[in-house]
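[1] For reference, the sequence and a predicted model appear below.
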Amino acid sequence: MSLDIVEAFTDDSNLIIEAGVGIGKSFAYLIPSLLINERLRKPVIIATSSIQLSEQIYDDVYTIAHRLGFDEVRAVIGKGMANYSCQERTERIIEMGLIKEEEHFFESLVTQISSGKIKQRSDISFGVSDKDWNRVSVNNCTYEKCSYRNTCEFYKMRTLIKTDARVVDFIVVNQDLLIRDLIRKYETGKGFMTDSNVLTIIDEAHNFEEKVRSALTLKFNLSDSKKSIRNISRLLDSRGVYTHLRSIDMLVYELENIFKTVKDQIDSYVSSESERYSISTISSVDFQALIEHTKELITSMSLIDTGKKERQIDDSLQELRDFHTLFSILGNVKSDYLIWSQKANKNTVELSYCPKNIKDVLTDRLFSGRNSVILTSATICQSGSSLEERYDYITKALGFKGVLGEQQFSPYKYEENALMYVTNDMPLYRVKNEDNKEVFLKAATDKIVKLCNLTEGRTLVLFSAKEDLKLVIENLSKIKVNWQIIVQKEGSSQDSAITEFKESNGVLFGTGIFWEGINISGSDLSQVIIVRLPFPVPSDPITEHKINNSKDPMNEIFLPEMLIKLRQGTGRLIRTETDTGIISILDSRLSEGSNKPYRKSVLSALPFKTYTEDFNMVEKFVSEKVISKLEQH
């Protein structure tokens, strides 16, 4: 893999390569990167989709550099703005007395940030809710104008990743920041990161399409939209411009109308596995008039003198252009965007839009650049007889141009150390398109109890839908079990849930982020249960768009996306050479008797070669390979 990367670099080409669990993927790209950096004295950019991997790579840079004798290497981690605390915001909270008497925990958090003890969310040893953290994290940074910039970790990071001098050798960032940098450079010529980098490596590339879509997505809620419009009105007022008042009033009125209509639409849906909802035509709004009024406001804002408010005016102009695009999409004037709604909370909805053709953005702005780009992940290939077939889905989705690398397979002994059990007696989740999920989830609950009793807990149970997880937990609350039930926590950090799981030898129930990125090795984890094959939801607006643009939706969209997620989920089980355990799939569509046409493709894409549908064989494997090993320890 290292040699393939060097060859791509010397040929000025891009490379995509699958690297199985346990081959030393980060070492494989860091060794040539260090040598390239040492020779050319230019930084290398590494983009990942998780903070955990970013921090691991940061440590690996110094470990490998030391082994190679490069002791002067400097690296920086660039996290998203929301990961850093803001002293300016906390000082304002203290000055304005915005802490309620009963908010003792929040008061402690504010005090520690204000005193400089907590600079990033990762500095917190205790659990903090997203709601509390969002009140104190960096938001709309004023950069050079901020009086706390000299002690701010976010400002320091942004300064380091921007520098063109040889101040830093490795810039480790999340994929979102890399994408926003590409977009910003394309639109304005100035990005967030250095232009002098010599190589870009994108790890966890199976997530890259969704990350690009996320970075290109604009979100709107009613509260923030009205706040933006008030700010625009004040800016125009301050310059003695009053012709805008009718347009401002109309924007506020129609936005309230739009968000109320969309909320009513969401509330009318019986149920949905997708968190994104299609938006039906909103006939009560004259979008053409809205578009014209927004144009008038853009013209008015463009004509006023900037003075000392240049940044505010630029921001307001961009917000008006974003509103103009939103109204153009809702009014069917623009057709090159996807738009959807979702619930932010019980009473608030959001509208989001993004370009339809993500791959065009990447082909133009990333893969046609002057520096080589390396894409890698443990799960980017499908089953197939040729490299072209195996990389087909990911390369088309990303618009990749370059070399296809030979797959590097995991060295772990899956045949000896792991068993894949597929149930053949579970009811279907849907019967002739009719909802049968309560029957399925009752049977799934019983099967989970039976399997977890075998391994004495030590199990990760993965769900495709939050509603399914909720119903199974409700079912379990009525049953006495011999192991502790641990449920995924609210918010992005799951450290406390994972710690509780390890300490209790319990059963951890999760969805979303638990399918990837968590690393529990050894006897702490003896089983992973996949409740349902993670096929994408057809009603999801993004999936729906892909389906409408494919000739064979099952083989071109549903199966590839399901396999990427399934490989990530099943990949949680074997994390070291000595790990043993069971993969249990409770979806009988994968059983031999179901005779599904995709069965062979799914089984051949997974590394588990010892397969059974016989529960007696599962009992035997657990007794001989799992429990006996626990007893030895």
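    Alright, I've got the coordinates.

[2] in a helix, that's where E416 is, yeah?
    Yes. Secondary structure of E416 (DSSP: H, G, I helix; E, B strand; the rest coil): part of a helix.

[3] With G191 as the reference, measure out to it.
    Distance, E416 to G191, by CB to CB, to the nearest Å: 49 Å. To be clear about C-beta, it is placed using only N, CA and C from the backbone, and glycine gets the same treatment.

[4] Neighbour count for those two, which is higher?
    Of the pair E416 and G191, G191 is the one with more neighbours under other CB atoms under 10 Å, namely 19 against 11.

[5] Test my guess that the more buried one contacts L177.
    No. With contact defined as CB atoms under 8 Å, G191 and L177 do not form a contacting pair (9.8 Å).

[6] so is I17 in a helix, a strand, or just coil?
    At I17 the chain is in strand, as set by three-state DSSP.

[7] Show me the beta-bridge partners of it.
    Under the criterion DSSP bridges, I17 forms beta bridges with T376.

[8] can you pull the pLDDT of it?
    We have a pLDDT of 98 for I17.

[9] Let me know how buried D552 is, in neighbour terms.
    Counted with other CB under 10 Å, D552 comes out at 9.

[10] shift numbering so it begins at 161
    Got it, the first residue is 161 from now on, which makes the last one we talked about D712.

[11] For it, give its distance to F718.
    Distance from D712 to F718, by CB to CB: 10 Å.

[12] same thing with I253?
    With CB to CB as the criterion, I253 and F718 are 48 Å apart.

[13] what do you get for L190?
    Distance from L190 to F718, by CB to CB: 36 Å.

[14] So between those two, which is more surrounded?
    Shown here are L190 and F718; by other CB under 10 Å, L190 has more neighbours (25 against 20).

[15] so what secondary structure elements neighbour the longest helix along the chain?
    Longest helix of the chain, by residue count under DSSP state H: helix 405-428. Secondary-structure packing of helix 405-428 (3 or more CB pairs under 8 Å, 6 or more residues apart in numbering; DSSP states H and E): helix 382-398, helix 447-463, strand 497-503, strand 509-515.

[16] now the first one and helix 405-428, what's the angle there?
    In other words, helix 382-398. 180 degrees (axes from the mean of the first three to the mean of the last three CA atoms, to 10 degrees).

[17] now helix 382-398: mean pLDDT?
    Rounded mean pLDDT across helix 382-398 is 89.

[18] residues in contact with that helix?
    402, 404-405, 408, 411-412, 415-416, 419, 457, 460-461, 464, 469, 472-473, 476, 479-480, 483, 508 (CB atoms under 8 Å, 6 or more residues apart in numbering).

[19] hmm, try it at 7 Å
    Contact with helix 382-398 is made by 404, 408, 411-412, 415-416, 419, 457, 460-461, 464, 469, 472-473, 476, 479-480, as judged by CB atoms under 7 Å, 6 or more residues apart in numbering.

[20] Which strand residues bridge Y437?
    Here Y437, judged by DSSP bridges, has bridge partners S501.

[21] Quick one: the strands in the stretch 511-660 of the chain, in order.
    With DSSP state E, counting those that start in this stretch, the ranges of strands along the stretch 511-660 of the chain come out as 532-537, 563-564, 578-582, 590-591, 594-595, 619-622, 645-647.

[22] so what does the third one touch, helix or strand wise?
    This points to strand 578-582. strand 741-745, strand 771-772, helix 775-781 (3 or more CB pairs under 7 Å, 6 or more residues apart in numbering; DSSP states H and E).

[23] Sheet-wise, list the partners of the shortest one with their directions.
    Neighbouring strands of strand 771-772 in its sheet, by DSSP bridges, are strand 578-582 (parallel).

[24] So what angle separates the directions of the strand it pairs with and strand 741-745?
    Using the same axes, to 10 degrees: strand 578-582 against strand 741-745 is 20 degrees.

[25] Just checking the distance from strand 578-582 to the centre of its chain.
    28 Å (CA atoms, centre = their mean, to the nearest Å).

[26] mind exporting it as CSV, just the C-alpha atoms?
    This file holds the C-alpha atoms of strand 578-582, laid out as CSV (Å, rounded to 0.1, in the frame of the first residue of the first chain):
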residue,chain,number,x,y,z
ALA,A,578,-15.5,-15.8,14.3
LEU,A,579,-18.8,-17.4,13.4
MET,A,580,-21.6,-15.7,11.5
TYR,A,581,-25.1,-16.8,12.5
VAL,A,582,-28.1,-15.9,10.3
